[in-house]
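Trainee: prediction below, plus the sequence it came from.
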Amino acid sequence: MKVGVLGAGQLGRMLAIAGYPLGHQFGFSGNSQNEPSSLLGHLFINDNKSLVDFADVITFESENTDVEVVKKIAKTVAVYPSAKSLFTTQHRGREKALFDQLNIPCAPYQMVNSEEDLKQAVEAIGLPAILKTATEGYDGKGQFLLHDTSQITQAWNSMQAKESILEGFVNFKRELSLIAVRDTDNNHKYYPLVENTHHNGILRLTIAPAQSIDPEVQKTARHYMQTLLDEMEHVGALTIELFETETGLVVNEMAPRVHNSGHWSIEGANTSQFENHVRAITGMPLGDSVPTHPFCAMINVIGEIGDIETVLKLSNTHLHLYDKEERADRKLGHINITANSQAELDASIKQLKGFLP
Ligand code: AMP
């Protein structure tokens, strides 16, 4: 099939790398020739119409994709995930309302449209709390951590009058995420819960599967995922980010797409998140999502390429670069590690410590 991707970044690039061996072709809509996907298929610059003419099925790379554009395209060619999933997941308030409706625990929250609203929300929720823009935040951008009521004006000003949400601060032990894929026949495949470490809001390290997970916690996370996939009739990959707390799981947010915390699955799972997303949207049976090794990890390459010689010398690591120019805080690539023991994993991460903050 011809798969059209709205966007031409690294996620589209890795979808194509996974999809070509299945016999598919790819096209992308991007903003310039210099996008990570540019060599991986037809690149239509600011031209969705040509992408739609090219494609048998369309998907998107980002939850910030315009829902109206997706609705219009869907009249001509199938789009997966649907506009319904996109509409819900691109707005933190709509997302949290769905969590409430489905009895999925999340932080207490209140929508904020003015400084006065923020004052009331702080009274209702208490401090510390985090103010976030309702849409378009990524890598911790568009967020303000409030410790004290004296910060209310500054916090609201930092939102630049955009619709926002105040969330109670969750005292978490660690951050986890879960990725699953659903096809058009309602078959589901789940990857294991993974553990994520961020620095300045940017994901730096994923350990997959997350170690020492209580089977009940894994079961609960899967139940939340299954409920969300079915409620939204989601087709393709869905990611939920969670906090593990002393009293159980709290869901933070979700993304209607393959996710940085699933990049380990390229070598670390029998079928990667990218291949399974492509299979789901092209009507192919989903592949096995079981890890190939008991101890896997992913380290992001951020800002500068760094010492890739070391990566290439190790026998259990794989380098994935996205063909992007170096720039502070930019995701340029990632390194996957597969290991048969905790000791082997720890030793590999230690050798790659130059890539970690
Ligand atoms: P987000 O963009 O919602 O994923 O937030 C970015 C990061 O901020 C998360 O990965 C957490 O480390 C932290 N964070 C977000 N929301 C909360 C919260 N309600 N309580 C505590 N930490 C949070």
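Mentor: Yep, that arrived. Numbering: from 1, shown residues only.
Trainee: in the stretch 151-300 of the chain, what residue spans correspond to helices?
Mentor: Under the criterion DSSP state H, counting those that start in this stretch, the stretch 151-300 of the chain carries helices at the ranges 152-158, 215-232, 265-268, 273-281.
Trainee: indicate which one of those helices is closest to the ligand.
Mentor: Shortest distance between the ligand and the helices of the stretch 151-300 of the chain, using C-beta to the nearest ligand atom, is found for helix 152-158: 14.1 Å. Just so you know, the C-beta spots here come from the backbone N, C-alpha and C atoms, and that holds for glycine as well.
Trainee: can you list the buried residues in that closest one?
Mentor: Of the residues in helix 152-158, those buried under the neighbour-count criterion (16 or more other C-beta atoms under 10 Å) are 152, 155-156.
Trainee: tell me which of the helices of the stretch 151-300 of the chain sits most buried.
Mentor: helix 273-281 (a mean of 27; mean count of other C-beta atoms under 10 Å).
Trainee: then it to CSV, C-alphas only?
Mentor: Taking Å, rounded to 0.1, in the frame of the first residue of the first chain, the C-alpha atoms of helix 273-281 are listed here in CSV:
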residue,chain,number,x,y,z
GLN,A,273,6.2,-0.2,17.6
PHE,A,274,6.8,1.2,14.1
GLU,A,275,6.1,-2.0,12.2
ASN,A,276,3.0,-2.7,14.3
HIS,A,277,1.6,0.8,13.7
VAL,A,278,2.2,0.3,9.9
ARG,A,279,0.6,-3.2,10.1
ALA,A,280,-2.4,-1.8,12.0
ILE,A,281,-3.2,1.0,9.5
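Trainee: tell me the secondary structure for the closest residue to D47 other than its chain neighbours?
Mentor: In space, and not counting its chain neighbours, D47 is closest to S29: 6.5 Å by C-beta to C-beta, 6 or more residues apart in numbering. The assignment at S29 comes out as strand when based on DSSP: H, G, I helix; E, B strand; the rest coil.
Trainee: so what's S29 bridging to?
Mentor: The bridge-partner assignment for S29, based on DSSP bridges, gives L6, F44.
Trainee: residues in contact with it?
Mentor: S29 is in contact with 4-8, 43-48, 51, counting by C-beta atoms under 8 Å, 6 or more residues apart in numbering.
Trainee: how many neighbours does D56 have?
Mentor: Here the count is done by other C-beta atoms under 10 Å, and D56 has 15 residues near it.
Trainee: before we move on, what about R13?
Mentor: So R13, with other C-beta under 10 Å, has 26 neighbours.
Trainee: repeat that for L203.
Mentor: 24.
Trainee: how near is it to the ligand?
Mentor: L203 sits 8 Å away from the ligand, going by C-beta to the nearest ligand atom, to the nearest Å.
Trainee: pretty sure E61 sits against A255.
Mentor: No. Assessed by C-beta atoms under 8 Å, E61 is found out of contact with A255, at 10.5 Å.
Trainee: can you list the residues of the stretch 201-350 of the chain near the ligand?
Mentor: Residues of the stretch 201-350 of the chain found near the ligand (C-beta under 6 Å from any ligand atom) are 201, 241, 252-253.
Trainee: do the same with the stretch 1-150 of the chain
Mentor: Taking C-beta under 6 Å from any ligand atom, the part of the stretch 1-150 of the chain that reaches the ligand is made up of 107, 130, 137, 140.
Trainee: how about stretch 323-343: buried residues?
Mentor: Of all the residues in stretch 323-343, those buried under the rule 16+ other C-beta under 10 Å are 324, 331-339.
Trainee: one step back: any chance of the helices of the stretch 151-300 of the chain in JSON lines, with distance to S289 and mean pLDDT too?
Mentor: Formatted as JSON lines, these follow (distance: least, C-beta to C-beta, whole Å; pLDDT from 0 to 100):
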{"stretch": "helix 152-158", "distance to S289": "40", "mean pLDDT": "97"}
{"stretch": "helix 215-232", "distance to S289": "12", "mean pLDDT": "98"}
{"stretch": "helix 265-268", "distance to S289": "7", "mean pLDDT": "98"}
{"stretch": "helix 273-281", "distance to S289": "7", "mean pLDDT": "99"}
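Trainee: dump those to a markdown table, plus distance to R182.
Mentor: As requested, the helices of the stretch 151-300 of the chain are exported to a markdown table (distance: least, C-beta to C-beta, whole Å):
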| stretch | distance to R182 |
| --- | --- |
| helix 152-158 | 37 |
| helix 215-232 | 5 |
| helix 265-268 | 16 |
| helix 273-281 | 7 |
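Trainee: need the pLDDT of the most centrally placed residue in the chain.
Mentor: Within the chain, one residue has its C-alpha closest to the average C-alpha position: by C-alpha atoms, centre = their mean, that is H259, at 3.1 Å. Each residue has a pLDDT score; the one for H259 is 98.
Trainee: repeat for the one 5 residues further on
Mentor: Per-residue pLDDT puts W264 at 99.
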